[in-house]
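next input, structure requested:
(one chain, ligands or ions: 2)
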Amino acid sequence: MSTTTNQTAEMSPHSQQIASGVFEVQHPLIECHLTALRDATTSPLSFRAHVRRLATLLAYEATQDLSIEMVPVTTPLTKTTGGKLAQRIGLIPILRAGLGMVDPVLDLIPTAEVWHLGLYRDEDTAQPVEYYSKLPPDHPVDVALVVDPMLATGGSMLAALETLKKWGVGQVKLLSIIASEEGIKHVETEYPDTQIYVCKIDPELNDVKYIVPGLGDAGDRIFNTL
Ligand code: PRP
Ligand code: URA
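Ligands and ions are numbered 1, 2, ... in the order given. Alright, predicted model coming up:
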């Protein structure tokens, strides 16, 4: 037995569809953990824990349409059928801050392959600079989950998308904790077939392209390098 099924059916009641591929996940737990992340007095230890919890909630929503293959399973009582993931899943953290979201997503999808992309934003221009990428030349994953807590101008996500499309990935889902309206529009315009899952869309960027109200610098707060 090996029938593959697509779990496309209905959208979760927790995801508000903002535009065709853009989903803001709304849940009381998300609101609470996000508020703790925004709080400037939250310690790096707590900050990391809240990032992990939010990444779990986000990944649960973002993976609702993954395909599963029906497989036989024998319980202590009888034979029945169950499901296993039918596609190769890639987890792509954008260094550094994306690393904070890797373990919780891997806990949910232990068979995922983790491919790191090193990108930082130039402080003067806010343009992404790539400093690490070791994707293999062929055999792209079927579904890529790109994780980065912040989507500000969208430049880093666009650079990641370009790399993943060149690799040949079929489906890309972006998971960010906070995104700006402007950044989302930017990504949507360039890659309309990409799904974007976020916990919150904030209204603006300041003059140095930080998200407002935002949470400050996610990488510095995760790694205690403020
Ligand atoms: C931050 C963040 C994103 C990027 C978002 O990383 O984690 O990768 O900025 O900004 P954008 O949408 O305008 O590109 P940063 O460059 O601070 O690097 P870090 O994760 O190493 O701290
Ligand atoms: N990167 C961050 O960590 N925070 C922002 O607000 C923008 C980019």
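
from here on, just use CA atoms for contacts and neighbour counts.
OK.

which residues sit in contact with Thr111?
Applying C-alpha atoms under 8 Å, 6 or more residues apart in numbering, we find Thr111 in contact with Ile89.

and it, which of the three is it?
coil (DSSP: H, G, I helix; E, B strand; the rest coil).

all helices for the chain, in order.
If DSSP state H is used as the criterion, the helices of the chain fall at 28-38, 44-62, 102-108, 155-167, 181-190, 218-223.

average pLDDT across the longest one?
Just to be clear, that refers to helix 44-62. Mean pLDDT, helix 44-62: 98.

just the angle between it and helix 28-38, please?
If you take axes from the mean of the first three to the mean of the last three C-alpha atoms, to 10 degrees, helix 44-62 sits at 140 degrees to helix 28-38.

now do the fourth one
Helix 155-167 and helix 28-38 meet at an angle of 120 degrees, taking the same axes, to 10 degrees as the criterion.

pLDDT of helix 155-167, averaged?
Helix 155-167 comes out at a mean pLDDT of 97.

next: the third one.
Averaging pLDDT along helix 102-108 gives 98.

quick revisit: how about the helices of the chain in TSV, adding mean neighbour count and distance to ligand 2?
Compiled in TSV, those are given as follows (neighbours: other C-alpha atoms under 10 Å; distance: least, C-alpha to the nearest ligand atom, whole Å):
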stretch	mean neighbour count	distance to ligand 2
helix 28-38	16	11
helix 44-62	20	13
helix 102-108	17	16
helix 155-167	19	9
helix 181-190	18	10
helix 218-223	19	4
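
want to throw the ones you listed into a markdown table with distance to ligand 1?
What follows is these, written out as a markdown table (distance: least, C-alpha to the nearest ligand atom, whole Å):
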| stretch | distance to ligand 1 |
| --- | --- |
| helix 28-38 | 14 |
| helix 44-62 | 12 |
| helix 102-108 | 13 |
| helix 155-167 | 4 |
| helix 181-190 | 6 |
| helix 218-223 | 4 |
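
got CSV for those helices, with distance to Val147 too?
Below are the helices of the chain laid out as CSV (distance: least, C-alpha to C-alpha, whole Å):
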stretch, distance to Val147
helix 28-38, 16
helix 44-62, 8
helix 102-108, 8
helix 155-167, 9
helix 181-190, 15
helix 218-223, 13
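
looking at those helices, which is nearest to Pro149?
Proximity to Pro149 (C-alpha to C-alpha) singles out helix 218-223 among these, at 6.9 Å.

any weak-confidence spans in the chain?
1-11 (pLDDT under 70).

apply 90 and report the result again.
The chain contains residues with pLDDT under 90 at 1-20, 123, 137.

thinking again about what came up before, nearest to Lys84, of the helices of the chain?
Nearest to Lys84, of all the helices of the chain, is helix 102-108, at 12.5 Å by C-alpha to C-alpha.

and this protein, which residues reach ligand 1?
Counting by C-alpha under 6 Å from any ligand atom, the chain comes close to ligand 1 at 94-97, 120-121, 126, 128, 148-156, 218-220.
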